[in-house]
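**Student:** Here is the input, now give the coordinates:
(one chain, ligands or ions: 1)
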Amino acid sequence: VPKPVAANDDVLEQFADTIGREHIITDASDMAPFLVEWRDRYQGAARAILKPGSTEEVAALLRTAHKHRTPIVPQGGNTGLVGGQIAFDGNEDFVLSLSRLNTIREVDPQGNTITAEAGVILQRIQDAAAEAGRFFPLSLGSEGSCQVGGNLASNAGGTAVLAYGSARDLALGLEVVTAKGQIWDGLRKLKKDNTGYDLKNLFIGSEGTLGVITAAVLKLFPAPRAKATALVGIESPEAALILFNQALEAAGPQLTAFEFLPRIGLDFVLTHVAGTRDPFADPHPWYVLMELTSGIEDTLENVMESILSGAFETGRIGDATIARSEAEAQSLWRIRLLLSEVQKHEGGSIKHDVSVPVAAMPAFLRAVTAEVERRLPKARVVPFGHLGDGNVHFNVSQPVGAPKEDFLDRWEEVNALVHGIVTEFGGSVSAEHGIGVMKRELMGEIKSDVELELMRSVKRALDPRGILNPGKVLPG
Ligand SMILES: Cc1cc2nc3c(=O)[nH]c(=O)nc-3n(C[C@H](O)[C@H](O)[C@H](O)COP(=O)(O)OP(=O)(O)OC[C@H]3O[C@@H](n4cnc5c(N)ncnc54)[C@H](O)[C@@H]3O)c2cc1C
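**Tutor:** Numbers count the residues shown, from 1 in each chain. Predicted structure coming up:
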């Protein structure tokens with residue numbers, strides 16, 4: 001797909017006619033929050049930030065952009081971790097912020113759906129569902145600022161994938177503005193709809209490169225009526241895998257979370273977050289956060305106790321604590337959810353978001369940890385994440401006291417090492433964060449020529465002038 005030519009000068013005027021000058025940001029300091037991402041890894045640049053207030057305005061903007069071949073970078077809550085939402089060309093690129101499309105259009109408790117515009121913050125969807133006596137399961141560390149459009153565009157995962165699937169599995173319908181500025185109203189509420197190609201799933205996960213999502217119909221579920229949450233101290237990932245399968249056998253679909261973290265991760269949280277405490281008297285090499293939930297009144301605590309006492313008797317787990325109240329459950333979850341944030345306080349961290357088949361996770365962790373420790377003596381591996389999904393955030397913190405920049409200079413080298421081992425284990429180099437700009441060149445290595453050519457054909461068909469998020473996802 002050819003790179004768009006420079007935006008001509010009257011494009012900005014036409015954009016202003018469409019959405020009003022007051023909804024266009026051009027001042028450098030006001031643009032700054034839209035141009036830096038959460039990890040501070042990319043410093044962006046843009047000609048302006050566009051903030052349309054309706055689907056029709058998005059469509060009109062894109063018609064102008066298409067006509068003038070103007071690059072448009074869609075942006076939601078700017079919490080993406082692969083730089084997909086960042087614009088880089090200060091002369092040509094416009095950021096299209098969806099934040100003013102923030103209406104919940106309908107909550108339908110009988111049909112178990114919620115219809116929301118793209119800019120609605122994820123937490124608001126969860127709250128609106130709860131107010132209607134329903135449950136929206138998508139849950140991420142960034143849920144207070146990410147937007148539902150961004151969640152769908154990046155097919156976000158999070159902590160509830162085990163039972164409910166990724167963002168893709170939670171969407172019934174979409175409204176999308178195409179690169180040419182047409183509005184596709186696909187806001188269907190149908191569970192079954194075998195009518196031709198699945199356009200909805202083409203746009204979901206396309207990271208703003210194929211269309212702009214402006215609204216979605218999402219699935220709701222019965223509000224959980226019973227819940228049991230436990231933190232388990234455990235010897236090894238092997239023991240954790242056995243515990244996972246025992247819990248699955250005992251609780252079936254009621255096993256809704258199975259997360260893991262190493263001791264060093266808990267240490268980071270205890271060191272950097274006031275008010276946290278070690279739930280156990282003695283340290284353990286690993287911890288598992290396990291949750292059972294049910295939509296009917298149930299005695300889940302008994303099920304949890306029987307899973308844990310069985311594992312305890314066979315010596316598979318070292319210790320466990322079951323939350324006795326919602327507040328206790330939240331403080332256990334806090335330990336897990338704070339992990340992304342606390343690594344910042346330990347200097348440079350080289351990140352990986354990878355997946356391997358669930359059963360291969362223990363062997364993978366052993367192999368990759370040994371190699372990284374051999375190559376980077378004194379670096380601290382901090383693998384944590386969604387064990388039940390085979391997804392680990394295999395992060396590597398710098399040696400204590402080492403210069404941060406020197407360590408981060410080895411980012412590509414360490415990525416190549418880790419991704420090589422992931423590939424040997426039949427895994428994926430991007431489990432849930434996507435490709436964006438960070439992993440774009442990897443696509444040439446991990447995808448076959450056939451797969452890449454099919455992807456390029458889709459891009460050409462839907463965005464013939466290559467104006468949507470140029471330079472993202474597909475390799476150059
Ligand atoms: C603390 C923290 C924890 C996180 N935890 C998880 C996790 O557990 N699981 C997980 O999967 N991710 C996680 N993430 C990353 C995750 O991808 C985002 O938080 C979220 O899904 C992105 O939503 P956003 O609105 O911020 O999108 P942005 O960051 O603004 O955009 C992400 C991508 O989507 C595109 N986009 C955004 N909105 C639209 C739209 N309306 N139409 C078309 N394209 C659009 C952008 O161009 C970009 O390519 C985490 C991030 C942080 C900071």
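**Student:** what sits against the closest residue to the ligand within the stretch 1-150 of the chain?
**Tutor:** The ligand sits closest to G150 of the stretch 1-150 of the chain, with a gap of 2.1 Å, by Cβ to the nearest ligand atom. From N, CA and C alone the C-beta is placed, and that goes for glycine too. Listed by Cβ atoms under 8 Å, 6 or more residues apart in numbering, the contact set of G150 reads 75-77, 79-80, 85, 98, 118, 156.
**Student:** Now the buried members of the residues you listed.
**Tutor:** Among the contacts of G150, those scoring as buried are 75-77, 79-80, 85, 98, 118, 156 (criterion: 16 or more other Cβ atoms under 10 Å).
**Student:** coming back round to it: from the contacts of G150, which ones fall inside helices?
**Tutor:** Assignment to helices by DSSP state H places none of the contacts of G150 there.
**Student:** In a markdown table: these, plus distance to the ligand.
**Tutor:** Putting these into a markdown table (distance: Cβ to the nearest ligand atom, whole Å) gives the following:
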| residue | distance to the ligand |
| --- | --- |
| Q75 | 4 |
| G76 | 2 |
| G77 | 3 |
| T79 | 3 |
| G80 | 3 |
| Q85 | 4 |
| L98 | 4 |
| A118 | 4 |
| A156 | 3 |
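**Student:** Report the contact partners of A247.
**Tutor:** 255, 258, 290, 292, 307.
**Student:** Just after the helix or strand bottoming out on mean pLDDT in the chain, pick out the following helix or strand.
**Tutor:** For the chain, using mean pLDDT, DSSP states H and E, the weakest element among its helices and strands is helix 339-342, scoring a mean of 90. As assigned by DSSP states H and E, the chain's next helix or strand after helix 339-342 is strand 349-350.
**Student:** Just say helix, strand or coil for the closest residue to the ligand within the stretch 351-476 of the chain.
**Tutor:** Closest to the ligand within the stretch 351-476 of the chain is E432: 3.5 Å, counting by Cβ to the nearest ligand atom. Recorded secondary structure, E432: coil (DSSP: H, G, I helix; E, B strand; the rest coil).
**Student:** My guess is it contacts D353. True?
**Tutor:** Yes - E432 is within contact range of D353, at 6.1 Å (criterion: Cβ atoms under 8 Å).
**Student:** Mind listing the shared neighbours of these two?
**Tutor:** Both E432 and D353 are contacted by N391, under the criterion Cβ under 8 Å, 6+ apart.
**Student:** Just the buried ones among the contacts of G150: which are in strands?
**Tutor:** Here DSSP state E is the test, and the buried ones among the contacts of G150 give Q75 as lying in strands.
**Student:** Could you provide the buried ones among the contacts of G150 in CSV, with additional columns for pLDDT?
**Tutor:** CSV is the format used below for the buried ones among the contacts of G150 (pLDDT from 0 to 100):
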residue, pLDDT
Q75, 98
G76, 98
G77, 98
T79, 97
G80, 97
Q85, 98
L98, 98
A118, 98
A156, 98
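**Student:** on that earlier part again, closest one to D10 out of the contacts of G150, please.
**Tutor:** Taking Cβ to Cβ as the measure, D10 lies nearest Q75 of these, at 23.7 Å.
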